[in-house]
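Undergrad: Let's see this in three dimensions:
(chains A, B and C)
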Amino acid sequence: MSDVKDIPLYLWFVLIVLLLAQGCWIFWDASKRGENKWLWGFFGLLNVPSNLIVYLIVTRVVSKSVSCKFCGKRIRMSYKYCPYCGEKQNIET
Amino acid sequence: MSFKHEKMQKVLLDVCYGEMPMTEEISKHLDYCSECKAYWNELMLLRESMSGFNDNEIEIDSSIINSAFLKSSIEIKRRKNLKDLIIFSVISVLLLGMLGLLIYVGYGRSIIVAQIILMFFVPLSVPFMIRQRIMKEESL
Amino acid sequence: MNEKALLEKARTGDRKALELLLYDNYKIVYGYLLKLTVNEELTKDLTQDVMMKAILNIKKFKGNSKFSTWLISIASNLYKDYVRKSKKISSTAIEELSIKDSQNIENDVVNKDTVNRVGKLLRELPYEKRMVFILKNYYDYSYEEIGEILKCPIGTVRSRLHYCIEKLRKLI
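TA: Down below sits the predicted model:
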């Protein structure tokens, strides 16, 4: 199809830059949230923007959990205070 | 205060704080020079009055040490993540460079088709992914 | 277990050994910072930062000086950074800080009367000169050691000590 050849080069370049930015952002966000950053990072390189939306939905809807360092109960990673023992958790921002 | 006295007082300062030994010359000077003797007494008095800030009375707060360890492990994790991010971006640049090459060579059409397929099918797997994660969390 | 052995273990990653080292030197670091800042809250924060830096950089410490000396030089540098940062904020903020400081001495610190008095006198000295005085008068470091800790020549150390003595003579 001739219209594919007509797509100017700079649009392809924009696509590649967007994929790179998306992949890096997802990698960084996944590393902060305790997700598998390598898996999600390469996932983020495949398709923009639907993979980003998928990543956001999947990770924000179900947060990973960690053990509270003080009482040992499992709590959501994004919690600032443990709901069982009340101790402040150290959160990386 | 003459120049000689100033020099002597600087020496007395050193002696008072243990940097120089108290020689016979100095103690003889102190015996006959009232000004320098007064200065020496002032130095001794100063040391006396500034003491009383005793380190032994301090209580050890172990929470400070523990939170120092916690903070340092967070910092180490952050540095590692940064290093991995750099590695990831280098790999990504290489992969995307290959993609660019493919486009240049003429596979642009297949790539667009692949992208459209992904755009439709990947979101369909979202419910499955969410369900799997919820099951994993429950089992923990 | 002596310091050298603990240091060797800590360098290989033994957390217990490092914890023990920090426990042993806690009082010195805290005491030094308390004399330097005359502010209990700030001392707690800075002590924590000193320990954190020590944990992160333990492999870099070669052991050619005492562990406590290394901690004190970290503490001095952190305090210098703190002072520079708070200078940037504004001069009015520093005035507010010093008013809060005197309230802190009143309420929190250990031996109220002497510490009160000595603390007020120490605060009259500008911080670079205060450091020299504290290290000489309370910790008996030599001019050479102080020069290494504060990274300044011995002549500077002597003149700063002289300045402190002269100032304190007038105040007492």
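Undergrad: hey, let's count contacts and neighbours off CA atoms from now on
TA: Will do.
Undergrad: residue contacts, residue B:111?
TA: Listed by Cα atoms under 8 Å, 6 or more residues apart in numbering or on different chains, the contact set of residue B:111 reads residue B:103.
Undergrad: change it to 10 Å
TA: By Cα atoms under 10 Å, 6 or more residues apart in numbering or on different chains, residue B:111 lies in contact with B:99, B:102-103, B:117.
Undergrad: helix or strand for the residue in chain B positioned nearest to chain C, which one?
TA: Chain C sits closest to residue B:68 of chain B, with a gap of 4.7 Å, by Cα to the nearest Cα. In this assignment (DSSP states H and E), residue B:68 forms part of helix B:62-102.
Undergrad: Wondering if that helix reaches chain A at all.
TA: Yes - using Cα under 10 Å from any Cα of the partner chain, helix B:62-102 reaches chain A at B:67, B:70-71, B:74-75, B:77-78, B:80-82, B:84-86, B:88-93, B:95-97, B:99-100.
Undergrad: show me the contacts for residue A:15.
TA: A:21, A:47-48, B:96, B:100.
Undergrad: So for the helix or strand containing it, what gets flagged as buried?
TA: Assessed by DSSP H and E, residue A:15 sits inside helix A:9-33. For helix A:9-33, a neighbour-count test (16 or more other Cα atoms under 10 Å in any protein chain shown) marks A:12, A:16, A:18-33 as buried.
Undergrad: Among the residues of helix B:62-102 next to chain A, name the buried ones.
TA: Buried among those (16+ other Cα under 10 Å): B:67, B:71, B:81, B:84-85, B:88-89, B:92, B:96, B:99-100.
Undergrad: Mind putting these into JSON lines with pLDDT and distance to residue A:54?
TA: Converted to JSON lines, those look like this (pLDDT from 0 to 100; distance: Cα to Cα, whole Å):
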{"residue": "B:67", "pLDDT": "91", "distance to residue A:54": "37"}
{"residue": "B:71", "pLDDT": "92", "distance to residue A:54": "33"}
{"residue": "B:81", "pLDDT": "93", "distance to residue A:54": "22"}
{"residue": "B:84", "pLDDT": "94", "distance to residue A:54": "23"}
{"residue": "B:85", "pLDDT": "94", "distance to residue A:54": "21"}
{"residue": "B:88", "pLDDT": "94", "distance to residue A:54": "20"}
{"residue": "B:89", "pLDDT": "93", "distance to residue A:54": "21"}
{"residue": "B:92", "pLDDT": "93", "distance to residue A:54": "20"}
{"residue": "B:96", "pLDDT": "90", "distance to residue A:54": "21"}
{"residue": "B:99", "pLDDT": "87", "distance to residue A:54": "22"}
{"residue": "B:100", "pLDDT": "86", "distance to residue A:54": "24"}
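Undergrad: I'd guessed residue B:33 sits against residue B:9; true?
TA: No - Residue B:33 is beyond contact range of residue B:9, at 11.4 Å (criterion: Cα atoms under 10 Å).
Undergrad: who's more crowded, the two?
TA: Higher neighbour count among residue B:33 and residue B:9: residue B:9, with 19 against 12, using other Cα atoms under 10 Å in any protein chain shown.
Undergrad: Which helix or which strand is home to that one?
TA: Counting by DSSP H and E, residue B:9 is found in helix B:3-16.
Undergrad: Equivalent analysis for residue A:66, please.
TA: Per DSSP H and E: strand A:65-67 holds residue A:66.
Undergrad: That strand and chain B, are they touching?
TA: Yes - residues of strand A:65-67 are located near chain B by Cα under 10 Å from any Cα, namely A:65-66.
Undergrad: Which strands and helices lie in contact with the next helix or strand after that strand?
TA: Next along the chain after strand A:65-67, taking DSSP H and E as the criterion, comes strand A:74-76. With contacts taken as 3 or more Cα pairs under 10 Å, 6 or more residues apart in numbering or on different chains; DSSP states H and E, strand A:74-76 sits against strand A:65-67.
Undergrad: how about the strand it packs on: buried residues?
TA: Under 16+ other Cα under 10 Å, the buried positions of strand A:65-67 are A:65-66.
Undergrad: ok, the strand holding residue A:66: who's next to it in the sheet?
TA: strand A:74-76 (antiparallel) (DSSP bridges).
Undergrad: buried set for the strand it pairs with?
TA: Buried, per 16+ other Cα under 10 Å, within strand A:74-76: A:74-76.
Undergrad: and residue C:26, how far is that from residue C:156?
TA: According to Cα to Cα, to the nearest Å, residue C:26 and residue C:156 sit 29 Å apart.
Undergrad: Tell me how far residue A:76 lies from residue A:36.
TA: Noted for residue A:76: a distance of 16 Å to residue A:36, by Cα to Cα.
Undergrad: so does stretch B:126-135 get close to chain A?
TA: Yes - counting by Cα under 10 Å from any Cα, chain A has neighbours in stretch B:126-135: B:126-131, B:133-134.
Undergrad: And the pLDDT for residue 69?
TA: I went with chain A, as the question did not name one. Each residue has a pLDDT score; the one for residue A:69 is 71.
Undergrad: ah, I was thinking of chain C
TA: In this model, residue C:69 carries a pLDDT of 92.
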